[in-house]
Structure formats: structure tokens, C-alpha cells
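Show me the folded form of this:
(2 chains)
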Amino acid sequence: MATLSLEQVTKVFANGVEAVSEFDLFVEEGEFVVLVGPSGCGKTTLLRMVAGLEELTSGTIRLGGQIVNDVSARDRDVAMVFQNYALYPHLNVLDNIAFSLRVRGVPKHQRHPKAREAADVLGLTAVVLRKPAQLSGGQRQRVAMGRALVREPAVFLMDEPLSNLDANLRVQMRSEVLRVQRRLGVAALYVTHDQTEAMTMGDRVAVLRGGTLQQLATPQELYENPANLFVASFIGSPPMNLYEGEISGSADRLVLSLGSQKLALPAESGHRHRVLEAGRGRKLVAGIRPEDLTVADGETADQQATLTALVELVELLGNESLVHFSTDATRVRNNTGGAWTPDATAHGEIVGASAAEGVARIDPRVPVATGDRVALVVDVERIHFFDAETGATIGATDQSPTAPQQPS
Amino acid sequence: MSGRHKKTAVRWLSTLVAFVAVAIMLFPIYSIIVASFESTVTLFSTKFHFFPYHPTLANYQTVLLGTQSGTATSVTISGNQLGHVLTSFEIALGTALLTLAISVPAAYALAKYRLRVTVLFVGALLLAQIVPSIVLATSLFAILLKTHLVNTLPGVIICDGTYAVPFGILVLRAFLFGLPNELMHSARVDGASEWQTFRMIVIPLARSAIVTVAVFAFLAGWGDFIFALTTLNGASFEPITLGIYSFLGNYQANWGAVMAAGVVALVPAAVLLVIAQRYIATGLTAGAVKG
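Model (predicted):
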């Protein structure tokens, strides 16, 4: 058992691509940290560097205080679950689980009981003599974890271990993975591209993009106080509605313009307010979470804080309705372009790319139909503001490490 | 014609084609077997007999017991061929072992380690396959002469290896490419050394390919004639291929005995192939990674 620390870890591949740059991370003993980001953000490279399968270009990795940069994978004492499980096809479940003990010279009569115990914990008792080919996806996944469980590794690494499972099993295995990690009681590093997995599993979540750390915080903190536009758009499903906006008005009565519509901002005296005030007349990005929008019931509608929108589509989910609407405000896609856009991954193109769309999460009992023109009340206290150029959150007061958005 | 009928027809047709092809390929062997029961005189008749016209075991007597039968007109009186079969077996086994010892580790290294010379090396291997063995024979003889390996079993085995080893490397390398790298990485993270990974993961998984290469190398050693002829110059032992040759004299040839010796040479190889067949062509990596 040990802590894991990464200092200024950088990886430049032979072809010159910088996969990870100056990455810092500290994982406590027993802590579960998730690395999340779009594909190609360097998270798997990072994990492989910790495992010892990839060399560092510069920086330091410490396990339990000891620098392990030059320690080979076999001597690092890490357990790793691979995305495709990497089970040894010629060995049965028991021998797969016991393999790490076998290579360490543990005799059969000692390693088999241990492997059997791990198999019991994971509910594999009935299939211990089967070969991987005879197992279901979920069972293979469990065997892969059993291999980690049977050892007492210094750190537990997982590279998208659930991505090959179907949706139901994935949800179920999330808690199993956590159970195994709690049982091991070691530092765990978990890589995923699925923000839901990151939010539900991580004690802390590190959001990566283009090889740089965007934000490292608890799931709640990431959601409520995203450090920048990227984190804001990546975390949350459906994602935050992001519009191009402009601040105007007097110091005690700031007004946010979204397209032709204006929202009055509450008078506050905080740091953010002063920054907003100073930035009057400049373009910025305003972010509104879908749940911070409600449908006005007509009479009590506060004209100062409503957006008039055209309902394009209503998705009834039972406990809530997702109302897709359009306004004349300019929707902001991920500002640096690239392969990933929140719109494309979350919803596809529902209306023409030119139309500004948004999503509101509302009470399903509120009658809203496609084609309606509705007034959406905005919880103005909870609007997020981002610098239109750097993407950084405007007036962020927390001290969580943030990195400026660097187009990769 | 409905699609289903068409499908059935295609299947019947392809089966028929395959059947004809197999029949054509196996016909020489069939005719050797028939001929091995004939006297040389009958063999030279103008009519081909699908069944032995005058069945006789005289040829097998010559081959197995070394005695000269009454009808045989061989000029060279050779001893029985069983000793030759044993020698062939030794050469074939030696070739198989040598080939495995070199090609399995070599193929692993060439498949899994990225080296600059890999491309050149593989190209050289292909080139080695192209050069006919008769061309190599002369220079190999010179080398064996210098290393005092002429007329020795290791000498023949090394010569046969020049053919089997490159082939083995190419086949195994192609197979090992298909082995997921994650398996090796996983073994390493599990604490296995390179050697342990090779022994406990790679070799068991490559079993079918290794058997294929071993069988091929064995048959190359078994069937070799050129290298045995050039490197064994009056040695006390000879493989069956040279044994057969001895029935062919300058003035007369005992073709019946040649045929019988051919059948004797054929049987062990055929038995080996049948035994090895179930290892060949099976994909063992099923279930390693997501299926």
C-alpha cells in the first residue's frame, strides 16, 4: 500500500506528439482517482507510464515516496486491469488469477487457495475451472479484477475496464470495481472517457485534455465550479448550454445579452461581479445547466430573467423531461474545435447547425409540446461565465489547479 | 431456381471440384502403392493397371529384408532399408528441433520488438527461401568441410535447417503478430520476466503454429535428397531418400523396389501428419481479449 505521486510528468512520443505535458497528481492511499477526458487526451498513456509500460520523457513518478521512473513494470508492484482484459486464454480462471503468484514462485498449494478466495469474492466460484473463452463479458471482467485482488499491489490501475460491457452490466460493475478497490485499500487510478463513470466512481476526478490537466476536484466541485469551458461542457449530461453573451448595464444592474434577449443579473458584491463589470462590452460565454431552467407558468414569470424559446423536441424520461429548444443566441461549441464537440457526442445534430439549441431539464408534469413557444426562467444566480478567448471561468475564486486552455 | 437450391448446388459443385482436385493430387501416390506390388517387368508394360496385375511382395522383401528376390533384377544389392528409415528419422527429428530452437525465439523477437533491422532481416529470410537448395549445396559443402561436419548427422541437419529455419521464422512471426500485446504487458505487470512471459504465455499460445513449423521442418528433413546426397559422401549411414536412389543403377533399375521403398518412406510421414493435424489450424487465442 502506498501513495502515488506524479510530478511534472511529460511524455513526448518518437513522432513528436506530446501526449502528456507537465502533469501533476497526488493519490492518497485508498483513494480512487479517475482520469477522464476525450479519446486521445493522454489518459491511457499516463496510466501506462505509472504501470511502467511506457517511459517518461521527463518528470517523476513516486510510489510510496520512492521514485520508480526506472523501475521495470514487473518490479513496480502495480496491478492493472486492461481495457480488453488481457486474460491468458490457455489458462483457466484459477490459473489466470494466480499467475502473478506463480511467476513469483509461490507453490501451487499456496497460490490456488488464494486465487479461489479471490474468485469467491468476485462470484466466480462456479466457473473457476473454465477457460476465458467460455466466460461471459462480465465474468471476464471479474477475472481481470481477480488478478489484481489476489496480489497486494501498491497501486491499482484500470484502463477503461468497463467500456466493453453492455450498459446494464456496466452500471452493475461500477460498484463491484469500487468494492474491490475498497477491499484492496490501495491508491487507485481509473481511466475512462465516460463522464458518468468518472462522476459516480471517483473520490476525485482529473479532467484531461490534450495531455494537460484541466481540473482536479471532487465530482461535485467539478460540476458546480468547472475551472473552464472544457470542463463545463464535458461534465454533465445533458451538457451545459453554452451561449455567446455580452454584459452591459450599470454596475449595480448588470445585464446579460443572449442574442436578442436580455437577462438581468442579481446584484452581488463578489469578485466575479467586479470582473464581469470590468468586462462590460466584451464577448464572453455564458453557461446554463439544463436543470437551472424551468418553464415559467405565465403569471409569475419574471420578465427580467426569462428566455423565450421555441420547443424543438421533448424527451419524456419519466422522472424528468428534456426539452430541446432553440433561441436566437449563438451556441458555443467547444471553442478550440478539434474532433470533439459536446453537441455532436451528446445529441447529434437535431436541428441545423446554424440554429441555436439548448436543453432544459424540467418537471415532466409541466405540459410542453413540440412547437410551443415557452418562457424559460433562468436561475441567474447559477449562470457560469467563461472568458471567450481562454475558456477560463470568470471570477473563479476556488484554488483548484487549473490550466489555461491550450489548443493541442 | 430459388436461393436455397442455388446454395445447395454451389455446395455440391465445390465439393465435387475439391474431390477431383484431391484425386488428381493423390493419384501419383496411389500409383506408387499399386506399382510397389508389381514386378518391374509388369511395370514396363504399356498398360496401366488400377490394381496390381500380378501381385507380388517381392519388392517389399527387397526393401525390408534386403534379400534379392528371384524376379528382381537389381544390379546393386542393397541392404534392407529399415536402417535408412531410422537415419531419416534422426535427420528429420534433428531438423525439427534445430528449427524450433532457432525460429521460435527469433520469431518472437522479430514480431514483438521493434528494431530497425527487422525489415532487412525479414527480407533476408525471404531471399533465403528463394535460393534453390542445389545452389546452396555447394557452398554448404565447403563450409561443412572446413568445420569437419561432412558425413555427420549434424552436418545434414544444419543443411536442412537452412531451408526450414527461415520458413519457421516467417510462419511463427506472422502468427505471433496476432497475439495481443496486452497479454505480454499484462504478464509483465503481473511480475513475469521476459523469459517467463515467453515460456508461460507465448509458447503455450503459439502451440498450433509451433506444431505446424515442427511438422514442416520434420518433413523437410525427412524428404531431403539434395543435402543428403552432397554432404554424405560414403558415410556409414544414409537416409531413405538415398536408399531409394541406390535401387537405380547405371544400367538397370529395380523400379518395383523403388516404389516399395517409396511407400515405406511415405508411411511414417503420413502417420505424423494425421497425428499433428488436430494441432494445426486451431486458433488458440480465443477469449484472450474481448470476444
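
ok, longest helix in chain B?
When every helix of chain B is counted residue by residue (DSSP state H), the longest turns out to be helix B:3-35.

Might you report the residue contacts of A:T294?
Contacts for A:T294 were tallied using Cβ atoms under 8 Å, 6 or more residues apart in numbering or on different chains; they are A:360, A:362-363, A:376-377, A:379. (Each C-beta comes from the backbone N, C-alpha and C, glycine too.)

closest to chain B among the residues you listed?
When these are compared for distance to chain B (Cβ to the nearest Cβ), A:A360 comes out closest, at 38.2 Å.

mind checking the SS state of that closest one?
Put simply, A:A360 is strand when judged by DSSP: H, G, I helix; E, B strand; the rest coil.

burial of it, as a residue count?
When neighbours are defined as other Cβ atoms under 10 Å in any protein chain shown, A:A360 has 29 of them.

Would you agree A:A115 is in contact with A:L91?
No - with contact defined as Cβ atoms under 8 Å, A:A115 does not count as touching A:L91 (10.7 Å).

more neighbours, those two?
With other Cβ under 10 Å as the criterion, A:A115 and A:L91 differ in neighbour count, and A:A115 comes out ahead with 29 against 19.

Which residues are in contact with that one?
Contact partners of A:A115, counting by Cβ under 8 Å, 6+ apart, are A:94-95, A:97-98, A:101, A:128, A:146, A:150.

residue ranges with poor pLDDT in the chain?
I went with chain A, as the question did not name one. Along chain A, the parts satisfying pLDDT under 70 run over A:1, A:269, A:298-304, A:333-356, A:396-408.

um, chain B though
Scanning chain B residue by residue, the ranges that satisfy pLDDT under 70 are B:1-3, B:66-80, B:250, B:280-291.

Would you mind listing the buried residues in the helix or strand that contains B:S208?
Following DSSP states H and E, one finds B:S208 within helix B:207-223. By neighbour count, with 16 or more other Cβ atoms under 10 Å in any protein chain shown as the criterion, the buried positions of helix B:207-223 are B:208-223.

burial measure for residue 239, as a count.
All of this refers to chain A. A:P239 is surrounded by 21 other residues when neighbours are defined as other Cβ under 10 Å.

try chain B instead
30.

roughly how far apart are A:S136 and chain B?
In this view, A:S136 and chain B are 10 Å apart by Cβ to the nearest Cβ, to the nearest Å.

give the contact list for that residue.
Here A:S136 is in contact with no residue (Cβ under 8 Å, 6+ apart).

Just say helix, strand or coil for whichever residue of the stretch 51-200 of chain A sits closest to chain B.
In the stretch 51-200 of chain A, the residue found nearest to chain B is A:A133; the distance is 2.9 Å by Cβ to the nearest Cβ. Of the three states, A:A133 takes helix under three-state DSSP.

wait, it sits on A:P89?
Yes - using Cβ under 8 Å, A:A133 and A:P89 qualify as a contacting pair, with a distance of 6.3 Å.

of those two, who's got more company?
Taking other Cβ under 10 Å, A:A133 and A:P89 do not tie; A:P89 has more neighbours (23 against 16).

element containing the residue sitting furthest away from the middle of chain A?
Here chain A reaches farthest from its C-alpha mean at A:H109, the gap being 43.1 Å by Cα atoms, centre = their mean. In this assignment (DSSP H and E), A:H109 forms part of helix A:108-121.

Could you pull out the buried residues of that helix?
Of the residues in helix A:108-121, those with enough neighbours to count as buried (16+ other Cβ under 10 Å) are A:111-112, A:114-116, A:118-119, A:121.

who touches the residue nearest the centre of chain A in this structure?
Within chain A, the residue whose C-alpha comes closest to the C-alpha centroid is A:Q195; the distance, by Cα atoms, centre = their mean, is 3.5 Å. Neighbour list for A:Q195: A:36, A:234-237 [criterion: Cβ under 8 Å, 6+ apart].

Relative to A:R151, how far out is it?
A:Q195 sits 30 Å away from A:R151 when distances are taken as Cβ to Cβ, to the nearest Å.
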